[in-house]
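Enquirer: model the following, please.
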Amino acid sequence: MTSGTIFNAAWLASQTPAERTRILQGLPAETIAALPWLWRFWARPDQLPPQGEWTSWIMLGGRGAGKTRAGAEWVRASVAGRTPLSAGARGRLALVGETLAAARDVMVEGESGILAISPDWARPKFEPSKRRLSWDNGAVAQIFSADDPDSLRGPQFDGAWADELAKWRYGRESWDMLQFGLRLGADPRQIVTTTPRPVRLLRELMADQNSVVTRVSTYANRPYLAPQFFRRIIAQYEGT
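Expert: As a prediction, the model looks like this:
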């Protein structure tokens, strides 16, 4: 590799088979073992947090574009410290889904959710009855439903993940309650992962000077999608 080369899965895949083998054989065993859990190795650039100062990172994309994985990885990186027991950048997070079932089934227990993308040594404990994820370093993420704005009244957070905001039935009310609670720490931040829809709240957030907008594409995520799914979705919804 030359200086300035970004060592990631896309770059490695662009090499010849012989070169890939040579590169991988030259890596320490512990690096090889850690690769499945190194999100920066697998992620596309548009799935990584933007640089600079922002409060809201808004990720827009259709089905299969990799939004859920990006949201889950942002949460994992936010709570992770240098060791499993050391504190990360954030320790009190809100996970807000369209409904409680959606938050649980997609954001927490889904194939790209927080539990699935966390290695054994950093996997949080999920307590469904308490709607809570807790990590060994003391970080906690509480699950909320956008169908119940009042449930967000009172708790405080230093980070949040809002999923499918454009589909929230009580979008304005739930969003406002979330913002009132996002006040812990010196730099509270949130990620919004949503299918784009002509919703006033979403348009306002995109225009906010404290927001950064990222648009992700199902095409870009094609290597990680079942070929049949990709053909069916593109044939049916391309251009919509």
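
Enquirer: and R82, its phi and psi?
Expert: phi -70, psi -30 (degrees, to the nearest 10).

Enquirer: where does it sit relative to R44, distance-wise?
Expert: Counting by C-beta to C-beta, to the nearest Å, the separation of R82 from R44 is 26 Å. (Glycine included, C-beta is placed from N, CA and C.)

Enquirer: settle it for me: which of these two has more neighbours?
Expert: In this view R82 and R44 are compared by other C-beta atoms under 10 Å, and R44 has more residues nearby, 18 against 8.

Enquirer: which element follows the helix or strand harbouring A102 toward the C-terminus?
Expert: Taking DSSP states H and E as the definition, A102 sits inside helix 100-102. Later in the chain than helix 100-102, the nearest helix or strand by DSSP H and E is strand 125-127.

Enquirer: partner residues bridging V192?
Expert: Here V192 sits in beta bridges with I58, A162, as judged by DSSP bridges.

Enquirer: could you shift the numbering so residue one becomes 6, and keep it that way?
Expert: In the new numbering, first residue 6, that becomes V197.

Enquirer: what sits against it?
Expert: Contact analysis of V197 by C-beta atoms under 8 Å, 6 or more residues apart in numbering lists 61-64, 167-168, 170, 210.

Enquirer: from A191, how far off is the spatially most central residue of the chain?
Expert: Centrality entry for the chain: nearest residue to the mean C-alpha point is G76, 0.9 Å, by C-alpha atoms, centre = their mean. From G76 over to A191 the distance is 23 Å, taken as C-beta to C-beta.

Enquirer: next: N13.
Expert: Look at N13 and A191: by C-beta to C-beta, they are 30 Å apart.

Enquirer: which one of these two has more residues nearby?
Expert: Legend: neighbour count by other C-beta under 10 Å for N13 and A191, higher for N13 (16 against 5).

Enquirer: which strand or helix spans the closest residue to that one other than its chain neighbours?
Expert: With C-beta to C-beta, 6 or more residues apart in numbering as the criterion, N13 has its nearest non-adjacent residue at 5.2 Å, and that residue is F46. Under the criterion of DSSP H and E, F46 resides in helix 44-47.

Enquirer: other residues contacting that helix?
Expert: Residues outside helix 44-47 that contact it (C-beta under 8 Å, 6+ apart) are 12-14, 40, 53, 78, 81-82, 122.

Enquirer: out of these, which end up buried?
Expert: Listed as buried from those are 13, 53, 78, 81, 122; burial here means 16 or more other C-beta atoms under 10 Å.

Enquirer: would you mind measuring from the nearest residue to T60 once chain neighbours are set aside to P193?
Expert: Spatial nearest neighbour of T60, excluding adjacent residues (C-beta to C-beta, 6+ apart): N215 at 4.1 Å. Separation of N215 from P193 (C-beta to C-beta): 11 Å.
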